[in-house]
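# The following comprises the amino acid sequence and a computationally predicted model.
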Amino acid sequence: MNAWSDLPMELLGSILERLPVADRIRFAAVCSSWRSASGAHLGCPPPPQSPWLMLPFNPTFTPTGSAAAFFSLADRKAYRLPLPDPPVSDRLVVGSSHGWLVTADADSELQLLNPLMGEQVRLPSITTFPFVDAVRDERGRVTRYSLCFGDDIPPEPFEPDRLRYFFYEKAVLSSPPSRSSCSSSWGGYTVMLIHNPLFGLAFARAGDESWTVIDTPSLYWVDAICSSSGQFLTLESMGRVETWELDGGPLPASTLVAPRLGIHDCSKYLVELPRGQLLQVYRWKDPVQSNCKWEPRPLYVECVTTRVKVFRLKVDDAKGCVWVENEGENLQEFALFLGKNSSMCVKVRECPELRGNCIYLTDDGSWSYEKCHEVVPDVGVFDLKEKSLKPCGGYNFQWIWPPPAWVIPTVT
């Protein structure tokens, strides 16, 4: 054996299995034989790792191509990754699951995007929703959308790039898209979407040409996850949780999992711990300028997280399933990641750069053009014991657009 390139393929594969994603990319750049080994072990999952944070762009810097920066908490550095068109600088992230971002482009159309693989999958058009109409020019390009709220309400017009801020609340994937060597199409996934008007639900399976709207009158959905059992769980604004069976036929069926918790004017998240226990996390934000009693432009108000409460689902012999407030340091083993991403729970013993009993937050809630382009995002680490918000990994957020989002780096 005369060179690194002569190392046996089995040994290279054993090394790759122990490397996080960033080191796998460096590994493939060493030489042609290492690159071949990396390709042969592409489907091998990496060891547990902490999420990366997609960073806002520097508005004074115009890149030559479409690229985005991702901040690694483990390495405490940002990686700049080239991405396919449409330009990622024109996209709004409305979801993140299994290493794939769900983005809305300047025409308010959705794509799945894997930032490390540079792969993307187009989702069904927004015009397949029964209450969305598109006005097109002679070349077929969308010039305006109309959103129909009902027979007695005039349609509301939206510019092509503005509808996405109002329409999309959150998108969640059931599993990462997969593609066989003999097929160019992607399969193996379902997307659950929380959308407006009225925080409704819709889904699309791999290969679907249109969205299927789920009829849930009088229920306003605020979060969704895909559980370890592979089923979607959705959280209603009052704290009610339902699980959905989407593979049994054309019409989805739901089952009540947990009762309502109560009315709270705050952001709400649903989290599943590794052992399957469910949590609800409530997040309150207050204006940074607390001495300002009235703001003529509320969309431009900068807010910061000031309070967080965690509730866990408990089985009571007399009352059945009930929500109880989580006390003490019961989450010392875990770090939670919340925002537009599908809520994540990471074991801190597997990722020593993370802090237990803490919640890593990005800004979310209903978007608006003004909020996304003019207001500094609310990003940080909330310590549940100290009840305080601290900077995230030492990174200073100088820029605003697009709003940052968590994503698990993956090349599988």
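Everything's here; your move. Please read these numbers as outputs of a predicted model, since none were measured by experiment.

# Can you give the distance from the helix or strand hosting residue 213 to the centre of its chain?
According to DSSP states H and E, residue 213 maps onto strand 212-214. The chain centre lies 21 Å from the centre of strand 212-214; the measure is CA atoms, centre = their mean, to the nearest Å.

# C-terminal to it, which secondary structure element comes first?
Helices and strands here follow DSSP H and E; after strand 212-214, the next one along the chain is strand 221-226.

# In the sheet, which strands lie alongside that following strand, parallel or antiparallel?
strand 232-236 (antiparallel) (DSSP bridges).

# Show me what whichever helix or strand comes after the strand it pairs with is packed up against.
Next helix or strand after strand 232-236 toward the C-terminus (DSSP H and E): strand 241-245. Secondary-structure packing of strand 241-245 (3 or more CB pairs under 8 Å, 6 or more residues apart in numbering; DSSP states H and E): strand 232-236, strand 253-258. (Each C-beta comes from the backbone N, C-alpha and C, glycine too.)

# Buried residues, strand 241-245. List them.
241, 242, 243, 244 (16 or more other CB atoms under 10 Å).

# Between the residues you listed, which sits nearest residue 343?
Nearest to residue 343, judged by CB to CB, of the buried residues of strand 241-245 is residue 241 at 12.6 Å.

# so who does the nearest residue to the closest one once chain neighbours are set aside touch?
The shortest distance from residue 241 to any non-neighbouring residue, by CB to CB, 6 or more residues apart in numbering, is to residue 258 (4.0 Å). Taking CB atoms under 8 Å, 6 or more residues apart in numbering, we find residue 258 in contact with 239, 240, 241, 278, 313, 321, 323.

# Would you quantify the distance from residue 258 to residue 187?
According to CB to CB, to the nearest Å, residue 258 stands 32 Å off from residue 187.

# now the strands: where do they sit in the stretch 251-400 of the chain?
Listed in chain order, the strands of the stretch 251-400 of the chain (DSSP state E, counting those that start in this stretch) span residues 253-258, 267-272, 278-287, 303-316, 320-325, 334-338, 344-347, 358-361, 380-383, 388-390.

# Now do the buried residues in the third one.
Spelled out, it's strand 278-287. By 16+ other CB under 10 Å, the buried positions in strand 278-287 come out as 278, 279, 280, 281, 282, 283, 285.

# who's in contact with the fifth one?
Same thing as residue 282. 264, 266, 267, 268, 308, 309, 310, 311.

# Using ChimeraX, define a selection of the buried residues within these.
To isolate the buried ones among the contacts of residue 282 in ChimeraX, judged by 16+ other CB under 10 Å, type:
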select :267,268,308,310,311
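
# any chance of the contacts of residue 282 in JSON lines, with distance to residue 68 and pLDDT too?
What follows is those, written out as JSON lines (distance: CB to CB, whole Å; pLDDT from 0 to 100):
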{"residue": "264", "distance to residue 68": "34", "pLDDT": "78"}
{"residue": "266", "distance to residue 68": "30", "pLDDT": "92"}
{"residue": "267", "distance to residue 68": "25", "pLDDT": "94"}
{"residue": "268", "distance to residue 68": "28", "pLDDT": "95"}
{"residue": "308", "distance to residue 68": "28", "pLDDT": "95"}
{"residue": "309", "distance to residue 68": "33", "pLDDT": "94"}
{"residue": "310", "distance to residue 68": "31", "pLDDT": "96"}
{"residue": "311", "distance to residue 68": "35", "pLDDT": "95"}
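
# Need the contacts of residue 282 in CSV (columns: distance to residue 142).
Formatted as CSV, the contacts of residue 282 follow (distance: CB to CB, whole Å):
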residue, distance to residue 142
264, 38
266, 35
267, 31
268, 33
308, 40
309, 42
310, 43
311, 43
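
# per-residue confidence averaged over stretch 158-174?
In this model, stretch 158-174 has a mean pLDDT of 96.

# Break down the stretch 1-150 of the chain into its strands, ranges please.
52-54, 67-72, 77-82, 92-97, 100-104, 110-114, 119-122, 132-136, 142-147.

# Relative to residue 229, which of these is closest?
Closest approach to residue 229 among the strands of the stretch 1-150 of the chain (CB to CB): strand 92-97, 15.4 Å.
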